[in-house]
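**Student:** return a 3D structure for these sequence lines:
(one chain, ligands or ions: 2)
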Amino acid sequence: MNSIQATVNKILTYSCVDGPGNRLVIFLQGCNFSCVTCHNPYTVGLCNHCGDCIPACHANALELIDGQIAFDPSACDQCDACLDICPISASPMVQNISVADILEIARKNKPFLSGITVSGGEATLQLKFVITLFEAIKADSELKSLTCFVDTNGHLGAQSWGRLLPVTDGVMLDIKAFDPALHHGLTGQNNAKTLKAAKTVRDADKLYELRFLVIPGKTDTEAEIDGLTKFALSLGPDIRVRLNAFQHHGVRAEAQGWETMTKTGIDKIAAHLRKAGIPEVITPAFYL
Ligand code: SF4
Ligand code: SF4
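**Tutor:** Ligands and ions are numbered 1, 2, ... in the order given. Take a look at the predicted model:
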């Protein structure tokens, strides 16, 4: 089973913002949301090998071989021109990486790691890989002390959560908005599954934190912050909420014109949440 592969956009061997401690983070390619505020829109699509990005590559790092895009990492200087031109928000630089490959990377970095986080894109779209990876880590005498976390939009059915949660130590769950119409406008999907998922994960005692992107004039309204407060408190008294501040980096053209979120605005909302009884509210370390 360790030969099962995932389509991987990027691997970080050190991150302290993707769960507790220092973590190996695997960013899987592909997403079922289409967020106008996504900072990594090139992780959304899956390459269809159209070849449109090849002329954009000044380094000759891309070619079509037997109808498949082929990427030469040794020639690439990471200019990102291919990402800018792709019509379906995909990347020609993704790699197919097996569970065995990830275990090897984890072994090499083990002295510095607290755990592994699978992120995206949307990690749960490649559920079989995630489950197999987490099972393999827990069965490995050298790696079993590493915690296994998922960063997700929560758009996953009950049966799938039933398979994922037993092998997962923690879940970071993004809620984009509480008003259904606003959520649909921001993501292209409804929020019912995500809200249900938060309760399912919490009932399994695996909810590490809720994440909420604060966008001026959209998700910083009284109704949205009230929705966040009530929902978080309904999950229990010890809930942890991370507020993220909307910034322009990477976002689509429509959102480039939106006002960015300031530290003053975030601090005000954080104070409100703490006063309402949410014990742990995390705010951004910096604002770009
Ligand atoms: S990355 Fe995009 S532009 Fe390049 S081959 Fe794939 S689908 Fe076409
Ligand atoms: S990021 Fe790499 S593959 Fe893409 S266009 Fe630039 S050099 Fe070519």
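**Student:** list the buried residues of the helix or strand bottoming out on mean pLDDT in the chain.
**Tutor:** When the helices and strands of the chain are scored by mean pLDDT, DSSP states H and E, helix 253-256 comes last with a mean of 88. Going by neighbour count (16 or more other CB atoms under 10 Å), the buried part of helix 253-256 is A255. C-beta: built from backbone N, CA, C; applies to glycine.
**Student:** list the contacts of that helix.
**Tutor:** Helix 253-256 has contacts (CB atoms under 8 Å, 6 or more residues apart in numbering) with V36, T37, F246, H248.
**Student:** could you point out which element follows that helix?
**Tutor:** helix 263-276 (DSSP states H and E).
**Student:** average pLDDT across that next one?
**Tutor:** In this model, helix 263-276 carries a mean pLDDT of 97.
**Student:** now stretch 139-150
**Tutor:** The model assigns stretch 139-150 a mean pLDDT of 98.
**Student:** returning to what we had before: convert the C-alpha atoms of the least confident helix or strand of the chain to PDB, please.
**Tutor:** Taking C-alpha atoms only, helix 253-256 is exported to PDB below (Å, rounded to 0.1, in the frame of the first residue of the first chain):
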ATOM      1  CA  ALA A 253      -8.500  39.900  -9.900                       C
ATOM      2  CA  GLU A 254     -11.900  40.400  -8.400                       C
ATOM      3  CA  ALA A 255     -10.500  40.300  -4.800                       C
ATOM      4  CA  GLN A 256      -7.500  42.500  -5.700                       C
END
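**Student:** A197 against S160, yeah?
**Tutor:** No. At 9.7 Å, A197 does not count as touching S160 under the criterion of CB atoms under 8 Å.
**Student:** if we can go back for a sec, ok now the least confident helix or strand of the chain, how far from the chain's centre?
**Tutor:** A distance of 20 Å separates the centroid of the chain from that of helix 253-256, by CA atoms, centre = their mean, to the nearest Å.
**Student:** how many neighbouring residues does the residue of the stretch 151-288 of the chain found nearest ligand 1 have?
**Tutor:** Going by CB to the nearest ligand atom, ligand 1 is nearest to R252 of the stretch 151-288 of the chain, at 16.1 Å. R252 has 13 neighbours, counted by other CB atoms under 10 Å.
**Student:** so what's it scoring on pLDDT?
**Tutor:** 83.
**Student:** give me the element V130 is part of.
**Tutor:** Counting by DSSP H and E, V130 is part of helix 127-139.
**Student:** quick one: the helix or strand hosting K10 to helix 127-139, angle?
**Tutor:** Assigned by DSSP H and E, K10 belongs to strand 5-12. If you take axes from the mean of the first three to the mean of the last three CA atoms, to 10 degrees, strand 5-12 sits at 70 degrees to helix 127-139.
**Student:** could you give the angle of the helix or strand that comes right after strand 5-12 to helix 127-139?
**Tutor:** Using DSSP H and E, the helix or strand that follows strand 5-12 in sequence is strand 23-28. On the basis of the same axes, to 10 degrees, strand 23-28 is oriented at 160 degrees to helix 127-139.
**Student:** write out the residues of the stretch 51-200 of the chain neighbouring ligand 1.
**Tutor:** Selection of the stretch 51-200 of the chain residues close to ligand 1 by CB under 6 Å from any ligand atom yields G51, D52, C53, I69, C86, I88, A90, S91, P92.
**Student:** enumerate every residue touching the third one.
**Tutor:** Spelled out, that is C53. Shown in contact with C53 (CB under 8 Å, 6+ apart): L62, I69, A81, C82, L83, I85, C86, P92.
**Student:** likewise for the fourth one?
**Tutor:** Taking CB under 8 Å, 6+ apart as the definition of contact, the neighbours of I69 are C47, H49, G51, C53, I54, L62, E63, P92.
**Student:** flag every buried residue along the one helix or strand it maps to.
**Tutor:** Assessed by DSSP H and E, I69 sits inside strand 68-71. Within strand 68-71, the residues that count as buried by 16+ other CB under 10 Å are I69, F71.
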